[in-house]
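A.B. asks: Dropping a prediction and its sequence here:
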Amino acid sequence: QVQLVESGGGLVQAGGSLRLSCAASGRTFSSYAIGWFRQAPGKEREFVAVVSWSGGSTYYADSVKGRFTISRDNAKNLVWLQMNSLALEDTAVYYCAAARRINVKPASYESWGQGTQVTVSP
């Protein structure tokens, strides 16, 4: 299994940008698809974006398409989520997770980080 740690969250004004990082440990990192999910208070965890093991394929939720970009560097065991044009509804705890293949369902992911808070203010 792979262990994941998120960082980069914080407070940002609407319209601003943040870049989240997901650092992985474990020799098998490059064999996993890595996804980002988020969970707002009182809501279910929802899919945000996912990148394939090679970085060659990506998939986004409609709500973030065109604003967020997911990327990875297998040599550094890192995955990033660049978030631009942030809106109030993007406020949530953001999690990265590892799966054997690209998937949008949280139940398909084997390993999860502890999460990082993103708060967008008016």
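C.D. replies: Now that the structure is in, tell me what you want to look at.
A.B. asks: mind showing which ranges of this structure have poor pLDDT?
C.D. replies: Counting by pLDDT under 70, the chain contains no low-confidence range.
A.B. asks: which residue ends up closest to the midpoint of this structure in space?
C.D. replies: Trp36 (2.4 Å; Cα atoms, centre = their mean).
A.B. asks: For that residue, which three-state class applies?
C.D. replies: strand (DSSP: H, G, I helix; E, B strand; the rest coil).
A.B. asks: Just the CA coordinates for stretch 89-97, please, in PDB.
C.D. replies: Output of stretch 89-97 as PDB, limited to C-alpha atoms (Å, rounded to 0.1, in the frame of the first residue of the first chain):
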ATOM      1  CA  GLU A  89     -18.700  26.200  -2.900                       C
ATOM      2  CA  ASP A  90     -15.200  24.900  -3.200                       C
ATOM      3  CA  THR A  91     -14.800  25.200   0.600                       C
ATOM      4  CA  ALA A  92     -14.200  21.700   2.000                       C
ATOM      5  CA  VAL A  93     -11.700  19.300   3.400                       C
ATOM      6  CA  TYR A  94      -9.700  17.900   0.400                       C
ATOM      7  CA  TYR A  95      -8.400  14.400   0.400                       C
ATOM      8  CA  CYS A  96      -6.000  12.500  -1.900                       C
ATOM      9  CA  ALA A  97      -6.400   8.800  -2.400                       C
END
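A.B. asks: That stretch: which residues count as buried?
C.D. replies: Asp90, Thr91, Ala92, Val93, Tyr94, Tyr95, Cys96, Ala97 (16 or more other Cβ atoms under 10 Å). No exception for glycine: its C-beta is placed from N, CA and C like everyone else's.
A.B. asks: circling back: run a quick neighbour tally on the residue nearest to the residue nearest to the centre of the chain when sequence neighbours are not counted.
C.D. replies: Distances taken as Cβ to Cβ, 6 or more residues apart in numbering put Val48 closest to Trp36, at 4.3 Å, once the chain neighbours are dropped. By the criterion of other Cβ atoms under 10 Å, Val48 has 24 neighbours.
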